[in-house]
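A.B. asks: Coordinates for the following, if possible.
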Amino acid sequence: MIKTPNKITLKEYPYTYVRTVTMKSKLLKKQDYDKLLHMEINEITKYLQELHYGQEINALALKYKNVALLENALEKNTLASFEKLKQISPEELHELIIAYLKRHDIFNIKTILRAKFTHSGFSEIQPLLLVGVAFSHDALQKLLLLPSVEAIIEKLHFFSDKQRQILIDAFKHSTSLLAIENALDKYYYEFTFNFCDRLKGGADLFKNYLLSEIDVINLKLILRLKKEDIKKETILTHILVFGHGLQRQYIQSLLSLDYDAVIAKLSRHRDLGSVVRQHQESLKHKDMVLFEAALQNYLLQKASLLLHQHPLAGEAILGFMLAKDIEIKNLKTIIKGKQLGLDEQFITAQLVV
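C.D. replies: Reported below is the predicted structural model:
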């Protein structure tokens, strides 16, 4: 049971808002990504050096080279951005920033679990890790050094003893990370919704964004399991919570259909139908790569509302942090794609712009 501390009263913050908008204006635009896609790693480094990554690239240039330099500069820049947000924000907004960064902790733990599951080394997954609050990268490395997935779950003390044992048993039974990953998502959303309930003075748009994010998570889960012909009852046990657009009754009706019929029904959905229709042919062939990137773009549009609809509220800060996360993800995608020699068109399709 998550404790519910005191309420946090949010007011209007003109100074913080103006500084946040200035930071947002420096984020990369579509034309920047178009240029970066045509560049080699050394050219990307120089381009970012002339933008808001210059300080970090210059500071790390003697220690790292090429891809390692960019990866470390991105991490250092992200940390600096979130620290700056704290500096320009009144104290009551600090908890908001920390609560947001909780999602990075959850992402990092999932990454560590997948690394242990696939026998990957820390150096392989380190570039994927985000700036969190509860787990430093050193702490995450120690988790990965544990002998098994079960041993890592044992260290996740924000779950109760009973929950950890259930998750360990589920992993042993299925040799799949699905149960533990769903439990981590559920923990994050419960924590965040509880936190939003503490906010007086606005968090409605952020809650709506979270509900849309839950819809996207559930949609991807349903399609992935449906295309593997997993039974309705099994899929339903993995649905974490219900969002805004895909509520319980609608999801239950989807789960009664076969994969093709699910696609057809989703194509008529009020909110997500247009995204499904754009990728209907690839979905029919059970190819979800571009569809999932399109869903991230759908969420980006939702995130932009946070910055513009309540411009003087704390939601503007949340909008910036979401946009910053997307920028880092896009840059990592381009850098990794270049490193692996992937097709430019394929890399482009993965970007959220």
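A.B. asks: Where is the longest helix in this protein?
C.D. replies: helix 91-118 (DSSP state H).
A.B. asks: Okay, buried residues for the very next helix or strand once past it please.
C.D. replies: Going down the chain from helix 91-118, the next helix or strand is helix 122-125, by DSSP states H and E. Within helix 122-125, the residues that count as buried by 16 or more other CB atoms under 10 Å are F122, I125. Backbone N, C-alpha and C define where each C-beta goes, glycine included.
A.B. asks: Chain neighbours aside, what residue packs nearest to K227?
C.D. replies: In space, and not counting its chain neighbours, K227 is closest to K286: 4.7 Å by CB to CB, 6 or more residues apart in numbering.
A.B. asks: circling back: and the longest helix of the chain, what does it pack against?
C.D. replies: strand 8-9, helix 66-87, helix 122-125, helix 137-145, helix 149-154, helix 178-198, helix 315-340 (3 or more CB pairs under 8 Å, 6 or more residues apart in numbering; DSSP states H and E).
A.B. asks: V131: which of those is closest?
C.D. replies: Taking CB to CB, helix 66-87 is the member of these nearest to V131, at 4.8 Å.
A.B. asks: pLDDT (mean, whole number) over the closest one?
C.D. replies: Model confidence over helix 66-87, given as mean pLDDT, is 92.
A.B. asks: returning to that earlier point: tell me the spacing between the residue nearest to K227 and K302.
C.D. replies: 27 Å (CB to CB, to the nearest Å).
A.B. asks: Y47 now?
C.D. replies: 29 Å.
A.B. asks: in what helix or strand does S176 lie?
C.D. replies: Counting by DSSP H and E, S176 is part of no helix or strand.
A.B. asks: can I assume L290 is in contact with A349?
C.D. replies: Yes - using CB atoms under 8 Å, L290 is in contact with A349, at 5.0 Å.
A.B. asks: what touches both of the two?
C.D. replies: Shared contacts of L290 and A349 (CB atoms under 8 Å, 6 or more residues apart in numbering): none.
A.B. asks: separation between I334 and Q49?
C.D. replies: From I334 over to Q49 the distance is 15 Å, taken as CB to CB.
A.B. asks: between those two, which one's more packed in?
C.D. replies: Counted by other CB atoms under 10 Å, I334 and Q49 do not tie: I334 has more neighbours, with 23 against 17.
A.B. asks: wait, that one sits on Y33?
C.D. replies: Yes - contact criterion CB under 8 Å: I334 and Y33 qualify, at 7.2 Å.
A.B. asks: shared neighbours, the two?
C.D. replies: Shared contacts of I334 and Y33 (CB under 8 Å, 6+ apart): L351.
A.B. asks: Identify the nearest residue to L236 in space, disregarding sequence-adjacent positions?
C.D. replies: L255 (6.3 Å).
A.B. asks: swap that for K84, please
C.D. replies: M23 (7.2 Å).
A.B. asks: can you check L295 too?
C.D. replies: V216 (4.9 Å).
A.B. asks: Just to check, the one you found is in contact with L300?
C.D. replies: No - taking CB under 8 Å as the definition, V216 is not a contact partner of L300, at 11.2 Å.
A.B. asks: more crowded one of the two?
C.D. replies: With neighbours defined as other CB under 10 Å, V216 and L300 compare such that V216 has more, 20 against 14.
A.B. asks: in what helix or strand does the residue nearest to K227 lie?
C.D. replies: Per DSSP H and E, K286 falls between elements, in no helix or strand.
A.B. asks: Would you mind measuring from it to K142?
C.D. replies: For K286 relative to K142 (CB to CB), the value is 39 Å.
A.B. asks: Tell me, how many residues neighbour the nearest residue to K110 once chain neighbours are set aside?
C.D. replies: Among residues not flanking K110 along the chain, E181 sits closest, at 5.5 Å (CB to CB, 6+ apart). E181 has 19 neighbours, counted by other CB under 10 Å.
A.B. asks: Can you tell me the element I222 falls in?
C.D. replies: helix 204-227.
A.B. asks: Check E56 too.
C.D. replies: Element membership for E56, per DSSP H and E: helix 54-60.
A.B. asks: any idea how far the residue nearest to K110 is from L300?
C.D. replies: E181 is 23 Å from L300, by CB to CB.
A.B. asks: how about the nearest residue to I335 once chain neighbours are set aside, what does it touch?
C.D. replies: Nearest residue to I335, sequence neighbours excluded (CB to CB, 6+ apart): L70, at 5.4 Å. L70 makes contact with I41, I44, T45, L48, I57, L331, I335 under the criterion CB under 8 Å, 6+ apart.
A.B. asks: Return the distance of the nearest residue to the fourth one once chain neighbours are set aside relative to T45.
C.D. replies: Spatial nearest neighbour of L48, excluding adjacent residues (CB to CB, 6+ apart): I57 at 6.4 Å. Using CB to CB, one obtains 6 Å as the distance from I57 to T45.
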